[in-house]
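Asks: Using only what follows, build the 3D model:
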Amino acid sequence: MTNYNYTKFDANHYELVAFRGPDMGTKAPPVMVSDLGGNQKPLLDFNGKFLVLEFGSITCPLFQSRRSAMDRINRENPDVASKILYVREAHPGAEISAHVTQDDKTACARRLHDKDGQGREIVVDDMQGTAHQAYGSYPNAVFIINANGCVVYRSAWNNGAATARVLRRLLAGKSVRAESFFVPPRPPVAIGTFRQAGRGSARDFFVGLPQLAWKNLVRRNLRLIFGNRGRVSPDVGC
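Replies: Just a heads-up that it's a prediction; the model follows:
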């Protein structure tokens, strides 16, 4: 990946066939991130039984589509920590462009909090995407990490309903399966996201849409149906 902060979306920026994020039952990468004030902190510094870690950006339609479900998870589970890792812009446009400096990136994260009303804790990756790449580089992946620092659930593409079901099982002491099926963003949310990003955002998305549909809706979901989806216990050590 030679151009992490790409100025135009291309499906080839993502390894859509094989997700490289840490496996279930393995140690979650202990990377450093920044808060909205620019202060460095460990990503895995959290209080609670689990950490629900979601990746996102303002220009990601999938992230925007999942927000209400993920906010509900946060409200209904006070004993579970929730964080959003702000990564590169998924679909940059004329209004919200690719980050050029760390201040640009932090300003977008603050906008998500201040203007868009996101109440979950937001932490910001560095300009090289160190944390993002350590966790697989997908724009809207989700991980659940236990108090031992181990990944107990992961999905390359977040699915709010599936994440909620998985968390309920984990809190009940039950083991869970890896990954959830890919569900496209809701069209009104996607359109609103592209408009907010500005000219060029939607165009680049639709150019890559056939490849995205084939690799995610068809190949990935079929692989999950017929593949071996092992289980991991909520208190696994690593």
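Asks: Remind me what the helix or strand hosting Val33 packs against, helices and strands.
Replies: For Val33, the enclosing helix or strand under DSSP states H and E is strand 32-34. Counting by 3 or more C-beta pairs under 8 Å, 6 or more residues apart in numbering; DSSP states H and E, the packing neighbours recorded for strand 32-34 are strand 40-42, strand 121-124, helix 130-134. Every C-beta, even on glycine, is put in place using the N, C-alpha and C of the backbone.
Asks: Partner strands of the shortest one, with direction?
Replies: Here strand 40-42 is paired, per DSSP bridges, with strand 32-34 (antiparallel).
Asks: heading toward the C-terminus, what's the first helix or strand past the worst-scoring helix or strand of the chain on mean pLDDT?
Replies: Among the helices and strands of the chain, helix 221-226 carries the lowest confidence by mean pLDDT, DSSP states H and E, at a mean of 60. Using DSSP H and E, the next helix or strand after helix 221-226 towards the C-terminus is strand 231-232.
Asks: mean confidence for that following strand?
Replies: What strand 231-232 shows for mean pLDDT is 83.
Asks: Could you report the pLDDT at the spatially most central residue of the chain?
Replies: Residue closest to the average C-alpha location in the chain (C-alpha atoms, centre = their mean): Phe55, at 2.4 Å. pLDDT, Phe55: 98.
Asks: Now the element after the lengthiest helix in the chain, going C-ward?
Replies: The longest helix of the chain (DSSP state H) is helix 61-76. Downstream of helix 61-76, the first helix or strand assigned by DSSP H and E is strand 81-86.
Asks: Give me the helices and strands touching that next one, please.
Replies: Under the contact definition 3+ C-beta pairs under 8 Å, 6+ apart, strand 81-86 sits against strand 50-56, helix 61-76, helix 102-114, strand 121-124.
Asks: which secondary structure elements does the last one contact?
Replies: The elements that strand 121-124 packs onto, with contact taken as 3+ C-beta pairs under 8 Å, 6+ apart, are strand 32-34, strand 81-86, helix 102-114.
Asks: outside of it, which residues touch it?
Replies: If you take C-beta atoms under 8 Å, 6 or more residues apart in numbering as the criterion, strand 121-124 is touched by 33-36, 41, 43, 81-86, 102, 105-106, 109, 112-113.
Asks: Put the buried members of these into a PyMOL selection.
Replies: Buried members of these, defined by 16 or more other C-beta atoms under 10 Å, are picked up in PyMOL with:
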select buried, resi 33+34+36+43+81+82+83+84+85+86+105+106+109+112+113
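Asks: Low-confidence ranges, the chain, go.
Replies: Counting by pLDDT under 70, the ranges of the chain that qualify are 1-2, 17, 208, 212-230.
Asks: Thank you kindly, that will do.
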